[in-house]
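> Sequence and predicted structure are below.
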Amino acid sequence: MNPKLHRFLISAARSLAALAVCSLTGTSMAIADDGTYQHFVTGNPENVQPATRGLIVMQGGGDDVDENYVQMGALGGGGDFVVLRASGADDYNDYIFKLCGCDSVETIVFTSREDSSDPFVIETIRNAEALFIAGGDQSRYVKFWKDTAVEEAINFVAAKPAPIGGTSAGMAVLGELVYSAMTESVTTELALQDPYYADITLDRNFLNLPGMHNIITDQHLQERNRIGRTLAFMARLLQDGWTTEARAIAADRETAVHFNPATNMATVFATADHETPYAYFMRSAKAPEHCVAGEPLKFRGVEVYRLGAGGSFDIANWQGSGGIQYELSAVDGSVVSSRGEVY
């Protein structure tokens, strides 16, 4: 028997068993596929097809912003909400189910690239009315999904249009341009001293989300002092000819950017007690003065617009409202700000 058909039949049989248990208990049920991916479902396992609208949710990691799942559930028409991850288990299911007003919440935990060709996995993703990529390690998402049917399925959901979101590593892969972190996660100090340091691994031609053209993202910004490495990413994109205008959306932990591609408007949300609830919209069309392997980066005049919770930003025109505008430069291994404060 064809191995893919065999795996599909096993998944289907287990799905029927899960349906019986869930209908009786209302609890999450795990379905493992011969020791590869895991599947968990809370709520109704049957597929529904309500009308949906688009939204892209980008959270910088940390404790989740409840409004992410309220809005994604509403714009997903109360349909099937699917969480994708490459570590962990069904941690999100009950939490999201209580917030999203959805028919169901499902989680698929990937363990290898082979999982990305499984018919059950692909069908589950394509049937989603809302899709969220959990945190963890973005290199696994790129390794497991790029140039596979999972990449196509995610793009299919985005094009419906329907809500797509991600936190931390999940946010990292939402832009057209991606810091893939294939080795170790690079620090600001190392990135500014050498913009071609081995840990700066960039990627493209992955997800194709509406309105995210020419954008790279970064996360845990102030918490881990990463804005300097964001500058290095932008400098590399310009220096290597990947773009003529580098754009970045970066967010601190417990802070989320909700971007509506239909209106081109983004709004910032945050947890109630977070001290640095800021998102940063960064842009430069100026090539770096000096961007050479093994030498400190010189990159001046990068535009920054910092927004707090409740602020809005027009992605198409790259203009904000309710925030602070300033410039950052990378000089002699340090970040210099036109307003004195970097963040």
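Structure received.
> rest of the way, CA atoms for contacts and neighbours
Will do.
> Surely residue 52 is in a strand?
No - going by DSSP: H, G, I helix; E, B strand; the rest coil, the assignment for residue 52 is coil, not a strand.
> all helices of the stretch 51-200 of the chain, in order?
Assigned by DSSP state H, counting those that start in this stretch, the helices in the stretch 51-200 of the chain fall at 66-75, 93-100, 119-126, 138-145, 149-159, 169-172, 188-193.
> Could you pull out the buried residues of the fourth one?
This means helix 138-145. 138, 139, 140, 141, 142, 144, 145 (16 or more other CA atoms under 10 Å).
> Now tabulate the helices of the stretch 51-200 of the chain in JSON lines and tack on mean pLDDT.
Output for the helices of the stretch 51-200 of the chain, formatted as JSON lines (pLDDT from 0 to 100):
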{"stretch": "helix 66-75", "mean pLDDT": "98"}
{"stretch": "helix 93-100", "mean pLDDT": "98"}
{"stretch": "helix 119-126", "mean pLDDT": "98"}
{"stretch": "helix 138-145", "mean pLDDT": "98"}
{"stretch": "helix 149-159", "mean pLDDT": "98"}
{"stretch": "helix 169-172", "mean pLDDT": "98"}
{"stretch": "helix 188-193", "mean pLDDT": "98"}
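> number of nearby residues for residue 273?
Neighbourhood size, residue 273 [other CA atoms under 10 Å]: 8.
> Give me the most central residue, this protein.
By CA atoms, centre = their mean, the chain has its centre lying nearest to residue 171, at 2.0 Å.
> residue contacts, that one?
Residues in contact with residue 171 (CA atoms under 8 Å, 6 or more residues apart in numbering) are 57, 58, 59, 60, 133, 135, 165, 217, 218, 219.
> any low-confidence regions in the stretch 1-150 of the chain?
1-35 (pLDDT under 70).
> Tally up the residues packed near the closest residue to residue 185 other than its chain neighbours, please.
Nearest residue to residue 185, sequence neighbours excluded (CA to CA, 6 or more residues apart in numbering): residue 199, at 6.5 Å. Neighbourhood size, residue 199 [other CA under 10 Å]: 18.
> Kindly report the same for the one 4 residues further on.
Using other CA under 10 Å, residue 203 has 15 other residues around it.
> same thing with residue 338?
13.
> Look up how far residue 298 lies from the closest residue to residue 294 other than its chain neighbours.
In space, residue 294 comes closest to residue 194 once its chain neighbours are excluded; the distance is 4.9 Å by CA to CA, 6+ apart. Counting by CA to CA, to the nearest Å, the gap from residue 194 to residue 298 is 10 Å.
> So these two - more neighbours on which side?
residue 298 (24 against 20).
> tell me the contacts of the more buried one?
By CA under 8 Å, 6+ apart, the contact list for residue 298 reads 288, 289, 290, 291, 329, 330, 331, 332.
> and the last one, what are its phi and psi?
By that I understand residue 332. When quoted as degrees, to the nearest 10, the phi and psi of residue 332 stand at phi 50, psi 40.
> So which residues of the stretch 151-300 of the chain form strands?
163-167, 178-179, 202-203, 215-218, 246-251, 255-260, 265-270, 279-284, 299-307 (DSSP state E, counting those that start in this stretch).
> Parallel or antiparallel, list what pairs with the second one.
This means strand 178-179. strand 202-203 (antiparallel) (DSSP bridges).
> Then the fifth one?
Each strand pairing with strand 246-251, determined using DSSP bridges, is listed with its direction: strand 215-218 (parallel), strand 279-284 (antiparallel).
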